[in-house]
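Visitor: build the 3D model from these lines:
(chains A and B)
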2 protein chains.
Amino acid sequence: MTVVESRLTGPVRVVGVGLLGTSIGLGLRARGVDVILSDASPTNVSIAVDYGAGRGATDGDEPQIVVVCVPPDVTASVIVRELSAYPRAVVTDVASVKKPILDAVIAAGGDVTRYVGSHPLAGREKGGPMSGRADLFLGRPWVVAGHAGISYQTAAAVDDLILDLGATLVEMTAEEHDSSVALVSHAPQVVSTLMARRLAGAPDAAVNLAGQGLRDVTRIASSDPELWVQILGANAAPVVSVLEEFRADLDRFIDALADPVAPGSRRSIAEELAGGNTGVARIPGKHGQDRRFASLVVMVDDTPGELARLLTEMGEIGVNLEDLRLEHSPGAQIGLAEIAVLPEAVERLTAALADRGWRIAG
Amino acid sequence: MTVVESRLTGPVRVVGVGLLGTSIGLGLRARGVDVILSDASPTNVSIAVDYGAGRGATDGDEPQIVVVCVPPDVTASVIVRELSAYPRAVVTDVASVKKPILDAVIAAGGDVTRYVGSHPLAGREKGGPMSGRADLFLGRPWVVAGHAGISYQTAAAVDDLILDLGATLVEMTAEEHDSSVALVSHAPQVVSTLMARRLAGAPDAAVNLAGQGLRDVTRIASSDPELWVQILGANAAPVVSVLEEFRADLDRFIDALADPVAPGSRRSIAEELAGGNTGVARIPGKHGQDRRFASLVVMVDDTPGELARLLTEMGEIGVNLEDLRLEHSPGAQIGLAEIAVLPEAVERLTAALADRGWRIAG
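Guide: Below you'll find the predicted structure:
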């Protein structure tokens, strides 16, 4: 693997080697950065070191940056301790709420001229050091929640770390961050949990009819309650605000559905459903639809070599394949290849493939 | 493909060749059944015939079974018409509500000694004949909503059709069916829609932080409003009942979160989250796992022709590609091709590809 030179000038100390801490270590090691790992559990440090995420701490370490990756309810106190232990380091954290942590660091007398909070919007269902991935942050947003107490120049070191890990730097105030994640992460967690909770006492015959829709809506309801009590408790006011708006919509929906033949009821229900369409369309890079690319569907005979021939001919036509999804149904004589290409190429490719006898299905 | 003998003794007429109708046709054709296709749109019939789902209708057709696969609000009237047009056929439908349709067929004087409603719990995001798949129903529950007006012997033909398609037969009353799908399908649709609706007026900066959790919770919010107005309107009372229970939980949750430091608040929030864990654990089957196939991930250089070369070499090795998903991260020099093959072929393919110098990532 080619090592692209890091933007950082000194070692990075990672405190807490769970999924995020280990992934940060792996990503920075791939850039050749000296990574120092620390954790309340020596076993976790050993695992993360063996995994290639960095080395153990030694006396005399002089980190340029300390990244605090511990649970939300101890994040502020660990930040204050690290600010004091490494008086020349810039300290950041990765907790999913920002304003309460900044307030707590200030209240505890931490030197906020060297602290700036941050939050990578990345994760996996599995936690722990063995779930770490060097590419966990690739292309994901990573918020830096700047504040008046730190200079632009000092905070720039954290920007460098984020860019080293391939993430997309997003600047926001701590308040903007907290209300944004209340909407796109914390309220959806509550809604998913409460929907799943309705299944707890349901008859077996009913839950046995569950399909992919229910699975998707309730997937995050399997999240760790201990972690989420901390997150929701720390960001309570913004989350309550979103949930109250949701409840007002729900009240209106129930009213319309309780009397579906009343004048205006069906229209009101249709408008709510259309509003859901509008909302989901705003999510960037959503399932199966990446707006950077245009797609076309080509019918491919279900015989060996046909897909290879299609891709070879695309190469001859000179259009690069950006993504591909193949579907074929046992028993059907044809499969469907959904091809994603750059938007400017789709028209030319469609015409050229049709000229060569390919059937375009959409 | 080996044709396993069908349990049916005569032709099957499918009325409405959208996703479900076409999939039923494909599945029955794979069993050698004579399938007659009918649709308000002659274009759809032509597509479905070309796709291999059956043949067009002719005078003198004598179907053993008619399967009505039209939108919910016209289902009852089409059932009555088909009962009358084919006085020796057993008629069923696949609409997602059952009691209101049975009531409407009775009210219109339809011969319910030959009608039994059914509902396959299967679907895809995309509709239309081109989305049809012979294996759409494989292993999925398919409810038959029996009633006192039809004999066991007559209804057995519909059981045979369901078993021919590889689905799991589930017997319920129409009322049980409707309250079950209110819980596992219709209420989740409303919850997903209302969560997505909150995004409609949100700042760009907030929606840009969206992650997989929000995508999953809101995926079905992109469903067709026109279809869902019909479904929810037809099953209003059972859906309202689930939504009212959901609202009572939500009220309690908001109360606890509005004052998270009050005695008992954190415990109450933790209990709701744990209740969500319990509920989601009751859903049978695992997410995103197609147990018929094994998969391996091959690293493919992001240069034109590489994927075509991989597929060509798979053909040379003599292993058939069952499904393929390509992922590549913008900026990364490699893409990942996730290849699904029959479980018995995966070991041989992995070894043969490695011999030819391909890097296997998992």
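
Visitor: so where do the helices sit in chain A?
Guide: Ranges of helices in chain A, per DSSP state H, are A:19-29, A:42-50, A:72-85, A:99-107, A:152-164, A:174-181, A:187-197, A:204-207, A:212-218, A:225-234, A:236-258, A:265-281, A:306-317, A:346-355.

Visitor: can the shortest one be said to contact chain B?
Guide: This means helix A:204-207. Yes - judged by CB under 8 Å from any CB of the partner chain, helix A:204-207 and chain B are in contact via A:205-207. Every residue, glycine included, has its C-beta placed from N, CA and C.

Visitor: quick check: mean pLDDT across that helix?
Guide: Mean per-residue pLDDT for helix A:204-207: 94.

Visitor: to the chain's geometric centre, what's the distance from it?
Guide: Mean-position distance between helix A:204-207 and its chain equals 32 Å (CA atoms, centre = their mean, to the nearest Å).

Visitor: same check on the fourth one?
Guide: Its chain's average C-alpha position is 24 Å from that of helix A:99-107, according to CA atoms, centre = their mean.

Visitor: mind listing what's buried along it?
Guide: For helix A:99-107, burial by neighbour count (16 or more other CB atoms under 10 Å in any protein chain shown) applies to A:99-102, A:104-106.

Visitor: the shortest one now?
Guide: In terms of neighbour count (16+ other CB under 10 Å), helix A:204-207 has its buried residues at A:206-207.

Visitor: what's the burial count for A:D93?
Guide: Residues within reach of A:D93, counting by other CB atoms under 10 Å in any protein chain shown, total 27.

Visitor: residues in contact with it?
Guide: A:67-70, A:75, A:78-79, A:101, A:117-118 (CB atoms under 8 Å, 6 or more residues apart in numbering or on different chains).

Visitor: ok, A:I360 touching A:A352?
Guide: No - counting by CB atoms under 8 Å, A:I360 stays clear of A:A352, with 10.7 Å between them.

Visitor: more neighbours, those two?
Guide: Neighbour comparison, A:I360 and A:A352: the larger count goes to A:A352, with 17 against 14 (by other CB under 10 Å).

Visitor: and the gap between the more buried one and chain B?
Guide: 15 Å (CB to the nearest CB, to the nearest Å).

Visitor: excluding its backbone neighbours, what's nearest that residue?
Guide: Using CB to CB, 6 or more residues apart in numbering or on different chains and skipping the chain neighbours, the partner closest in space to A:A352 is A:I317 (4.5 Å).

Visitor: what do you get for A:V217?
Guide: Closest residue in space to A:V217, ignoring its immediate chain neighbours: B:P188 at 4.5 Å, by CB to CB, 6+ apart.

Visitor: surely the one you found meets A:A221?
Guide: No - look at B:P188 against A:A221 with CB under 8 Å: they stay out of range, at 11.2 Å.

Visitor: pull up the overlap in contacts between those two.
Guide: By the contact definition CB under 8 Å, 6+ apart, B:P188 and A:A221 are jointly contacted by A:M195.

Visitor: tell me where the model's unsure across the stretch 51-200 of chain A.
Guide: Regions of the stretch 51-200 of chain A meeting the criterion pLDDT under 70 cover residues A:124-126.

Visitor: what parts of it come near chain B?
Guide: Residues of the stretch 51-200 of chain A lying close to chain B by CB under 8 Å from any CB are A:121-123, A:135, A:138-141, A:143, A:166, A:170, A:172, A:176, A:179-181, A:183-185, A:187-200.

Visitor: among those residues, name the buried ones.
Guide: The neighbour count (16+ other CB under 10 Å) marks A:121-123, A:135, A:138, A:140-141, A:143, A:166, A:170, A:172, A:176, A:179-181, A:183-185, A:187-200 as buried among those.

Visitor: so who does the nearest residue to A:A262 once chain neighbours are set aside touch?
Guide: Nearest residue to A:A262 in three dimensions, chain neighbours excluded: A:A256, at 7.9 Å (CB to CB, 6+ apart). By CB under 8 Å, 6+ apart, the residues touching A:A256 are A:262, A:264-265, A:268-269, A:272.

Visitor: noted, bye for now.
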